[in-house]
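# based on what follows, work out the 3D shape:
(one chain, ligands or ions: 1)
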Amino acid sequence: MYKTNSKNKMDGILLLSELKSSSTKAVFFDPQYRGVLDKLSYGNEGKSRGKLRSALPQMSEDTIKSFLVEIERVLSPSGYLFLWVDKFHLCEGISAWFADIPTMEIVDLITWNKLKMGMGYRTRRKSEYLVILQKVPKLAKATWKIHNIPDVWDEKVNKNHAHSKPIELQKMLIQAVTDIGDTVVDPAAGGYSVLDACLQTERQFIGCDIETEE
Ligand SMILES: C[S@@+](CC[C@H](N)C(=O)[O-])C[C@H]1O[C@@H](n2cnc3c(N)ncnc32)[C@H](O)[C@@H]1O
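Coordinates of the predicted model:
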């Protein structure tokens, strides 16, 4: 059993299975991709630069699909999924993950400029991508309250986790699609940036990570 507004050490699919159907307006999901490591062929994975990342539990495509089926179930009608993807998945597409979930539609995309140079054998990565999906029925005006969020977002992150995401952006998105007191879910929370965003916006957080420190 999970605790609200806490760092729960558990499998995200188990946590999602404990939630009622149609019970939340917003879910953040930031999978620990295996694919990008394979595709970018870091020869040194696990040795030097890849070490921090490859040490985290990775998710297979089937695991990611299982998460998405559960996320769709717990989202209320017209609820939003904020799905972090890397450059590889953005280019190759994520539609295969949703082949069996026709009730989720891609409605927007935000590029996060990390203001910091990362790795890459050709160009070096400085951005990540947030795909925004909405459960049917697709409704914009009735479900989105903040209208000055740019689709390129500059924010530097003070890392407390290898994959920490920008808190100010996540706060804006939470405020755009939920009300004070609403619940926001993050079933693979890593450094718990979404928990911090919820505490700062007076939302209830339900989330976990399989590797949460106890
Ligand atoms: C990309 S990180 C999330 C970073 C997070 N968004 C943040 O801002 O700090 C992905 C996380 O998924 C976790 N993870 C992998 N498999 C999991 C599972 N089955 N259930 C829950 N968490 C899992 C990893 O331990 C890792 O911390």
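# can we go C-alpha only for contacts and neighbour counts from here?
Will do.
# tell me the mean pLDDT over stretch 188-204?
For stretch 188-204, the mean pLDDT works out to 98.
# ugh, typo on my part, it should be stretch 128-136
Mean per-residue pLDDT for stretch 128-136: 98.
# where does this protein have its least confident helix or strand?
Every helix and strand in the chain was compared by mean pLDDT, DSSP states H and E; the lowest is helix 51-54, with a mean of 49.
# following the chain past that helix, name the next helix or strand.
Next along the chain after helix 51-54, taking DSSP states H and E as the criterion, comes helix 61-74.
# and residue 150, how many neighbours?
10 (other Cα atoms under 10 Å).
# secondary structure element holding the closest residue to it other than its chain neighbours?
Excluding the flanking residues, the one nearest residue 150 by Cα to Cα, 6 or more residues apart in numbering is residue 110, at 7.7 Å. Using DSSP H and E, residue 110 falls within strand 104-113.
# got the CA positions of that strand in CSV?
Coordinates of each C-alpha in strand 104-113 appear next as CSV, following Å, rounded to 0.1, in the frame of the first residue of the first chain:
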residue,chain,number,x,y,z
MET,A,104,-5.2,8.2,-25.8
GLU,A,105,-4.4,11.0,-28.3
ILE,A,106,-1.2,13.1,-28.7
VAL,A,107,-2.3,16.7,-28.3
ASP,A,108,1.0,18.6,-27.8
LEU,A,109,4.8,18.6,-27.5
ILE,A,110,7.1,20.6,-25.3
THR,A,111,10.9,20.8,-25.9
TRP,A,112,12.8,21.2,-22.7
ASN,A,113,16.1,23.1,-23.2
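# ok, residue 143 touching residue 78?
Yes - in terms of Cα atoms under 8 Å, residue 143 counts as a neighbour of residue 78; the distance is 7.2 Å.
# when the two are compared, which one has more neighbours?
Shown here are residue 143 and residue 78; by other Cα under 10 Å, residue 78 has more neighbours (23 against 16).
# now do the same contact list for that one.
Neighbouring residues of residue 78 by Cα atoms under 8 Å, 6 or more residues apart in numbering: 25, 134-139, 143.
# please convert the buried members of the residues you listed into ChimeraX selection syntax.
In ChimeraX, a selection of the buried entries from the contacts of residue 78 looks like this (16 or more other Cα atoms under 10 Å):
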select :25,134,135,136,138,143
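# make a markdown table from the contacts of residue 78 and add distance to the ligand and secondary structure to it.
Output for those, formatted as a markdown table (distance: Cα to the nearest ligand atom, whole Å; DSSP: H, G, I helix; E, B strand; the rest coil):
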| residue | distance to the ligand | secondary structure |
| --- | --- | --- |
| 25 | 18 | strand |
| 134 | 19 | strand |
| 135 | 21 | strand |
| 136 | 25 | coil |
| 137 | 27 | coil |
| 138 | 25 | coil |
| 139 | 26 | coil |
| 143 | 23 | coil |
